[in-house]
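1. Prediction below, plus the sequence it came from.
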Amino acid sequence: MNWKRTTYCGKMTNQFLGKEVTLMGWVDRYRDHGGVVFIDLRDREGIAQVVFDPKNIPVDVAGTLRQEWVVAVKGIVRKRPEGMSNKNLPTGDVELEATGLEVLTRAETLPFTMHTDSPTTGEVDEQLRGRYRYLELRRPKLQKNLQIRHEFLRTAREFYSENGFWEIETPILYKSTPEGARDYLVPSRVHPGQFFALPQSPQTLKQLCMIGGLDRYMQVARCFRDEDLRADRQPEFTQVDVEMSFIDEEDIYQLHEQLMARVFKNTHGIEIKTPFRRMPYDEAMRKYGSDKPDLRNSLELVDLTDQGKRSSFQVYQSALSSGGILKALCFEEKETLSRSELDELPKKAASFGAKGITWIRIKSPGDWQSPQAKFFDAALKTEIETKLPFKKQAMVLLVCSTPNIVNNTLGSFRLDFGKRFGYTDESRHEFAWITDFPLFEYNEEDKRFFAAHHPFTCPNPTDLAMFMKSSAKADLEKVRARAYDLVLNGSEIGGGSLRIYDPNVQKRMFEILGFSEEDAKAKFGFFLNALQYGTPPHGGIALGVDRIAMILSGCDAIRDVIAFPKTQKAADLMSEAPSQVDEKQLQELHIRVLPPKL
RNA sequence: GGGGCGGUAGUUAAGUUGGUUAUAACGCUUGCCUGUCACGCAAGAGGCCGCGGGUUCGAGUCCCGUCCGCCCCGCCA
């Protein structure tokens, strides 16, 4: 390579008219007319048209160029002839008249096209794109996504720094923690039979930074969880991890409202209204059946437990008498659901554990079409109708089961039908803080409480006395946490809490979670110790970088905003990791591999 | 761990009730073409129909198993 690049292809606009420039990039397309040859030259910033006139560059040179060859072209920028502009390109008014061409590298025929506007419809198989991820990275869409991700991180770093935060790195090789997700383990060569764990989050470490008097910490932290994947979940992911001393919830809320407003301004030029809505967990579950409600969707669930008890439907009677609830989702049926679509409802409901679903088509007040209509007398029909938002041409879906199943099922239908029938305004960005989460979740299998957020979360002061003294299940279930989630468009993009800073409260927490004193000492001894030496009140939050980047770039999967993502089986198609290792490596690590159970 | 969808030239897709030599478009190769921009025209090459087994005179097509990818439930403090 003998030349110096003078500008990006995508930046070769009018300002370079008449000047000599040197472009370097990939041949996006070539159009060989036998005499004159055109190529579209592509780089990160866009595309420029290069013209090879036979009087400058012989056709038998320019005509050999092929897709994805990497070339350098020197030439003069000139205005395109009258009527030859390309309105689809930012550089479409000009072209580069080549005076010199250097082929830097040739390319084999690609396994799939870089073009998404080619006649081959449909998307290239995701498996193939994964195997050649570096080629998919060449596509403008991926490059745009990664640029937006970068812009988010850049904005965050700048914002926190302005607000007195220090970026502090914490170890990747750390201690395995009980509770929570499965750990990725790293064997120690020096300590036979002992393991590091990759952090699920730097939770204890950032709290120790506060105990260490660093006051305000932030980190762009990689986190690891060995759990099954989803479109919005990867085994390794990135969070902007934050911790602050001497603050309360409002400090966190306001600071992060400012941050998100600046992010949307920087990436989309959009003004985001602050403060964000604050909604207690109970309200979110009641109205939306979800702790991460999509507030772009105007539909709300309606509780009909009382009415259900007075129906003559045996199925409701038995479910409601054993602590179940009955809720309804009601929407105007803007396009009549077919019989087969109605038949699909129970299947989908079953996937959430619901044994059935009732649909009622309210044609006009009192005129119900439903296999279950006979179980509701006229007075009950009227009473139910007064609770519903629509009473004409309305479809009502009812689920009666445990609160969890009812909320999951109808919460999901709310999203589906909200989109389908236009109740969701996707042009909006709806933020909310979900507050007052329960501190504990009771696990029926293990017959014990688990921390709903994590075991360092501060109990609500109103509930503290009960937390310290009572061991009754009914009491502990009621204890609220000083924990909060940041929700955007139905996606949990952040979560945090104020932390326990009183060692006695922390000890009590481990006690409720069923840790013996020895257990607590072995797993968290260093942390309990640290709490004793003067801990400032503190709290923090972690923002999901991947999910935020996904929303900012309008994608449906976080794979699309991660340069080298993993598949649903947590593998890397490109490098074929994970893979077997040499026997020698295993020996050094004191590891023997057992064959998988059949 | 469970449910659903998918896997056919390099790519995207079609392939009927099982039946001649498995189609098309784009890409690729070669030739022609001096203003195209999804350039055009002509010719050509290109197939482990994911893999293994079974049914059958005969399987891309039916059956069983398996691998891989995607979506969801469980799981993700």
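-> Structure received.

2. what does the stretch 151-300 of chain A put close to RNA strand B?
-> A:177, A:179-182, A:200-201, A:203, A:225, A:227-233 (Cβ under 7 Å from any atom of the strand). C-beta coordinates here come from the backbone N, C-alpha and C atoms, glycine included.

3. Flag whichever of those residues scores worst on pLDDT.
-> Ranked by pLDDT, these bottom out at A:Glu179, which has 77.

4. residues in the stretch 351-500 of chain A within reach of RNA strand B, list them.
-> A:Ser351, A:Phe352, A:Gly353, A:Asn408, A:Ser412, A:Glu441, A:Phe450, A:Ala451, A:Ala452, A:His453, A:His454, A:Pro455.

5. Return the subset of those residues lying in strands.
-> A:Glu441, A:Phe450, A:Ala451 (DSSP state E).

6. Tabulate these (CSV), appending neighbour count.
-> Formatted as CSV, those follow (neighbours: other Cβ atoms under 10 Å):
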residue, neighbour count
A:Glu441, 12
A:Phe450, 15
A:Ala451, 19
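
7. ok, of the residues of the stretch 151-300 of chain A next to RNA strand B, which come out buried?
-> A:Thr177, A:Gln200, A:Ser201, A:Gln203, A:Arg225, A:Leu229, A:Asp232, A:Arg233 (16 or more other Cβ atoms under 10 Å).

8. Per-residue pLDDT of the residue nearest to A:His453 when sequence neighbours are not counted, please?
-> Nearest in space to A:His453, with sequence neighbours left out and distances taken as Cβ to Cβ, 6 or more residues apart in numbering, is A:Ala483 at 4.4 Å. In this model, A:Ala483 is scored at 97, pLDDT.

9. Would you confirm that A:Ala483 contacts A:Thr457?
-> Yes - between A:Ala483 and A:Thr457 there is a contact at 5.2 Å, judged by Cβ atoms under 8 Å.

10. anything in contact with each of these two?
-> Contact criterion Cβ atoms under 8 Å, 6 or more residues apart in numbering; residues shared by A:Ala483 and A:Thr457: A:Leu439, A:Ser497, A:Leu498.

11. residues in contact with the second one?
-> Put plainly, it is A:Ser497. A:His453, A:His454, A:Phe456, A:Thr457, A:Cys458, A:Ala481, A:Arg482, A:Ala483, A:Tyr484, A:Gly539, A:Gly540.

12. Neighbours of A:Thr267, how many?
-> A:Thr267: 18 surrounding residues under other Cβ atoms under 10 Å.

13. so it, which of the three states?
-> Assigned by DSSP: H, G, I helix; E, B strand; the rest coil, the conformation of A:Thr267 is helix.

14. Relative to A:Phe431, how far out is the closest residue to A:Tyr288 other than its chain neighbours?
-> Leaving out its chain neighbours, the residue that sits closest to A:Tyr288 by Cβ to Cβ, 6+ apart is A:Gly411, at 6.2 Å. A:Gly411 sits 19 Å away from A:Phe431, going by Cβ to Cβ, to the nearest Å.

15. go on, A:Phe390?
-> 28 Å.

16. and the residue in the stretch 351-500 of chain A that RNA strand B sits nearest to, what pLDDT?
-> RNA strand B sits closest to A:His454 of the stretch 351-500 of chain A, with a gap of 3.1 Å, by Cβ to the nearest atom of the strand. Per-residue confidence for A:His454 comes out at a pLDDT of 93.

17. That one contacts A:Pro178, correct?
-> No - applying Cβ under 8 Å, one finds A:His454 not in contact with A:Pro178, separated by 11.5 Å.

18. out of those two, which sits in the busier spot?
-> Taking other Cβ under 10 Å, A:His454 and A:Pro178 do not tie; A:His454 has more neighbours (21 against 13).

19. just to revisit the earlier point, compare A:Phe390 and A:Phe431 and say which is more crowded by neighbours.
-> A:Phe431 (21 against 14).

20. Please tell me how far that one sits from A:Val487.
-> A:Phe431 is 7 Å from A:Val487, by Cβ to Cβ.

21. same question, A:Ala221
-> 21 Å.

22. still on that earlier bit, between the contacts of A:Ser497, which is nearest A:Glu68?
-> A:Gly540 (46.1 Å; Cβ to Cβ).

23. contacting residues for the closest one?
-> Taking Cβ under 8 Å, 6+ apart as the test, what A:Gly540 contacts is A:Lys206, A:Tyr217, A:Asp241, A:Val242, A:Glu243, A:Met244, A:Ile252, A:Gly496, A:Ser497, A:Arg499.
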